[in-house]
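Asker: test case, fold it:
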Amino acid sequence: MAGHAEADATTDPETETETDPVDRTLAAFRRGDPVLVHDAADREGETDLVYPASDVDAAAVARMRNDAGGLVCVALSDAVSEELGLPFVQETIDHGLAADHDLAYDERSSFSLTVNHRETFTGITDADRALTISELGALAAAPDYDQFVDAFRAPGHVHLLRAAPDLLDDRKGHTELGVALAAAADREPAVVVCEMLDDETGGALSPPDARAYARRHGLVYVEGAALVDRLN
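Answerer: Just a heads-up that it's a prediction; the model follows:
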């Protein structure tokens, strides 16, 4: 997982200010590179590593597992989720645990089903999850319920998230930020999000440490507010 330090040693303000961070984020996403997105200090206060789903390979899953450390999820647009028959899982659970589901950071959760591609073995290895994620990305470009059922099974090891119908007008979570970013970058409406955790505190990686990680690895860091201002 990511951690503290190196901010001074890796700071490169000239590179960071060469172009607008949203422009650099869009360019990176078009290339298939991951980006770091911080939602907001008054929301989850988390930075997620975000990839276009179809560009995820085993090395990318390893990076999310080792450098980010959070939950690896695939966020799909509402239209794709509707076509694939994906519910909000909270609405499908007939159990007391699903009652009074109050969240501290938003009105509802985006979680839908968990899935594996049918050609995986256990579904949890880097290669297995990469296959599930990349094939979900490909399917999102032309969603079809029958193809979905033929190619995937549930439950599985990749969590699906369903974006709000009006994206950033409805909700400003990483699910909506990622799917809005994909739309603006002319990518399929499927992205992978994984929270970045601090390996010293176990909490969310701070924005300064997330920026330092981005600089060390030549990646783009962007604030959710900047995406909302440009893409909403």
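Asker: burial measure for Asp169, as a count.
Answerer: Neighbour count of Asp169, defined by other C-beta atoms under 10 Å: 12. From N, CA and C alone the C-beta is placed, and that goes for glycine too.
Asker: for it, which non-adjacent residue is spatially closest?
Answerer: Counting by C-beta to C-beta, 6 or more residues apart in numbering, the nearest residue to Asp169 once its immediate chain neighbours are dropped is Asn232, at 6.7 Å.
Asker: mind checking how far that neighbour is from Arg65?
Answerer: 32 Å (C-beta to C-beta, to the nearest Å).
Asker: have a look at those two and say which one is more surrounded.
Answerer: Arg65 (15 against 12).
Asker: ok so the more buried one is a helix residue?
Answerer: Yes - according to DSSP: H, G, I helix; E, B strand; the rest coil, the state of Arg65 is that of a helix.
Asker: so what pLDDT did it get?
Answerer: With respect to pLDDT, Arg65 scores 97.
Asker: now Arg108
Answerer: As predicted, Arg108 sits at a pLDDT of 70.
Asker: likewise for Thr17?
Answerer: For Thr17, the predicted pLDDT is 51.
Asker: ditto for Ala58
Answerer: pLDDT for Ala58: 98.
Asker: and it, what is it in contact with?
Answerer: Thr125, Asp126, Ala127, Ala130 (C-beta atoms under 8 Å, 6 or more residues apart in numbering).
Asker: just the buried ones out of those, please.
Answerer: In those, burial by neighbour count holds for Asp126, Ala130, counting by 16 or more other C-beta atoms under 10 Å.
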